[in-house]
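Participant: predicted model, plus sequence, below.
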Amino acid sequence: MTAKTKPFSFFRLINFFPPMLQQAIILPLLALALTLLISAVLLVITGYNPVTAYRYMWEGVFGNSRVFTEVLLKSTPLILVGTGIAVAFRCGVWNIGAEGQFYAGAVLATWVGIHLAGLPPFLTISVVFLAGFIGGGAWAVIPGWLKVRLKVNEVVSTIMLNYIMIGLTSFLVTGPMQEAKKVFPQTDEIVVAARLPNILPPTRLNIGFLIAVLVAIIAAIILFRTPLGYAIRTVGQNPETARYAGMKVNQSIIIAMLLSGGAAGLAGAIEVSGLTWRMFATISPGYGFDGIAVALLASNNPLGTILSGFLFGALRASSELMQMNARIPSVLFKIIQGLAIAFIIAFSLLSRKVASEKIADRAEAVPTTGS
C-alpha cells in the first residue's frame, strides 16, 4: 500500500486541508503556479523573455490604482458568470449558454432601466438587477426544461440559444430598442437612478464588484449549507441515487439552471448599469465562455470563482500591455487559460484519488468482528 500511494504523497498533504479550502484556494493557486512555469518555458522556446513578459503582466495588474480597479471591473462579470456555471455543473448540467443568458439579462435590464423612472436609486437599481436575473434565468430554464421533459442534450440546446439571443440582441438594438436618434446600433442610456455608484472615484470601479463577491458567497452557502444545495450536488453526483432517496431530480435541474442563468443575467445587468449605461450588440467580449474556465479553475466551488475570476480578469487586463510592450502574441493567453484548466482538472482527480485511498486504508485498518 505504501508503494502504491507514494507518488501521491504531496496530494496526501493537501488533503489535510478542508475540501472547501482546497477547491477555493490551494488547487487553483497550485495550477496557476505550474501554468506560469510551463508558459515561461514556452516563451523561452519561442524566443521571448519570460521575465519581461511577466513584468508587464504584473504592471498590467498592480501597476497603479487605476489599472488594478480595471482588473476588478473585468473580474466582476467573470465571478458572476463563473458562479452560475459552477452551480449548474455541480448539478451535472453542462450549461454552455451563459453567453446568451448574459445577453438576455442585459437586454431586459436595459429595457427596464430606460423606462423605469420616478423611483429612488436604490429601488431602481434593485428592479434593474431583478430584471437581469429574471432575463438570464428564464433563458436558462428553456434548455433545462428541454432536458428534463424531452431529454434534449443541454450542450446542444444552450449553444444554439447563445446564437439566438445574440442575434436577437442585434435585431433589437437596430430596431425596436434602437436609440431615438437612430444613428448607432445601440439603445438610449438608462436613467441616472439606475446607474451604479462608484466606490473609488475617479476610477470606474463600482459596487458591482462587491455584489459579485456577495453573490459568490451566497451561492456557496446555498450549495454547501442548505437542503436545496445538498439536493443539487446529489443529483449531480448520481441522479438515480438522488431519485431513490426521494429527491426531485427534475426540479433540482430546473432550479440549478434558473440560478445559473440568473447569475449570468445579473452580470449583464451590472455591466449595463455600472459601465456602459446602454445596450449594444457586442456588449460581451466572451464573458459567458470565459466563465466556464473560471468555474472549472475553481473546481466548481462558488467561493473559488472569486479568486479564479480575478485571475482571468488580470489576464484579460494585462494582455494588452504585454502585447504592446513585450510583443507577446495574444494566443499565449489562450494557452495559459487552457493549461490552468488542464492542471486544475488533473490536480482535482489526483486529490480525489488520494482521498479515496485514505478512506480505503482506514477501512482496512478497522478490525473485523471475530478477528
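Facilitator: Yep, that arrived. Numbers count the residues shown, from 1 in each chain.
Participant: next up, the contacts around residue 144.
Facilitator: 93, 154, 253, 254, 256, 257, 258 (C-beta atoms under 8 Å, 6 or more residues apart in numbering). For glycine as for every other residue, the C-beta is placed from the backbone atoms N, C-alpha and C.
Participant: specify which member of those is nearest to residue 108.
Facilitator: residue 258 (14.7 Å; C-beta to C-beta).
Participant: excluding its backbone neighbours, what's nearest that closest one?
Facilitator: residue 137 (4.5 Å; C-beta to C-beta, 6 or more residues apart in numbering).
Participant: hmm, the one you found is touching residue 265, no?
Facilitator: Yes. Using C-beta atoms under 8 Å, residue 137 is in contact with residue 265, at 6.1 Å.
Participant: what's the distance between residue 119 and residue 55?
Facilitator: 48 Å (C-beta to C-beta, to the nearest Å).
Participant: can you tell me the centre-most residue of this structure?
Facilitator: The centroid of the chain falls nearest to residue 82 when counting by C-alpha atoms, centre = their mean (1.1 Å).
Participant: separation between the closest residue to that residue other than its chain neighbours and residue 171?
Facilitator: With sequence-adjacent residues excluded and distances taken as C-beta to C-beta, 6+ apart, residue 82 is closest to residue 294, at 3.1 Å. Separation of residue 294 from residue 171 (C-beta to C-beta) stands at 29 Å.
Participant: likewise for residue 163?
Facilitator: Residue 163 is 13 Å from residue 171, by C-beta to C-beta.
Participant: now swap in residue 111 and tell me
Facilitator: 14 Å.
Participant: so which of the two has more stuff around it?
Facilitator: residue 111 (19 against 13; other C-beta atoms under 10 Å).
Participant: doesn't that one belong to a strand?
Facilitator: No. Using DSSP: H, G, I helix; E, B strand; the rest coil, the assignment for residue 111 is helix, not a strand.
Participant: off-centre distance for stretch 170-181?
Facilitator: Taking C-alpha atoms, centre = their mean, to the nearest Å, one finds the center of stretch 170-181 at 29 Å from the center of the full chain.
Participant: from here on, count from 579
Facilitator: Renumbered: residue one is now 579, and that last one reads stretch 748-759.
Participant: in it, what's buried?
Facilitator: By 16 or more other C-beta atoms under 10 Å, the buried positions in stretch 748-759 come out as 750, 751, 755, 756, 757.
Participant: re earlier: where's the residue nearest to the centre of the chain, which helix or strand?
Facilitator: helix 643-668 (DSSP states H and E).
Participant: quick check: buried residues in that helix?
Facilitator: Buried-residue list, helix 643-668, by 16+ other C-beta under 10 Å: 645-668.
Participant: cool, and stretch 736-743?
Facilitator: So for stretch 736-743, counting by 16+ other C-beta under 10 Å, buried means 736, 737, 739, 740, 743.
Participant: who's in contact with the spatially closest residue to residue 843 that is not a sequence neighbour?
Facilitator: Once flanking residues are discounted, residue 843 sits nearest to residue 714: 1.8 Å by C-beta to C-beta, 6+ apart. Going by C-beta under 8 Å, 6+ apart, residue 714 touches 662, 679-680, 682-683, 839-846.
Participant: quick one on the thing from earlier: just name the closest of the buried residues of stretch 736-743 to residue 807, please.
Facilitator: Among these, and counting by C-beta to C-beta, the member closest to residue 807 is residue 736, at 22.0 Å.
Participant: which SSE is the closest one in?
Facilitator: Assigned by DSSP H and E, residue 736 falls in helix 732-751.
Participant: quick check, distance from that helix to the centre of its chain.
Facilitator: 19 Å.
Participant: which helices and strands does it pack with?
Facilitator: Applying 3 or more C-beta pairs under 8 Å, 6 or more residues apart in numbering; DSSP states H and E, one finds that helix 732-751 contacts helix 676-693, helix 699-728.
Participant: what's the burial count for residue 760?
Facilitator: 8.
Participant: so residue 781, which of the three states?
Facilitator: Applying three-state DSSP: residue 781 is coil.
Participant: in the stretch 829-949 of the chain, what residue spans correspond to helices?
Facilitator: Per DSSP state H, counting those that start in this stretch, the stretch 829-949 of the chain carries helices over the ranges 865-875, 880-903, 909-943.
Participant: want to throw the ones you listed into TSV with distance to residue 778 and mean neighbour count?
Facilitator: Shown next, in TSV, are these (distance: least, C-beta to C-beta, whole Å; neighbours: other C-beta atoms under 10 Å):
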stretch	distance to residue 778	mean neighbour count
helix 865-875	22	26
helix 880-903	16	23
helix 909-943	26	15
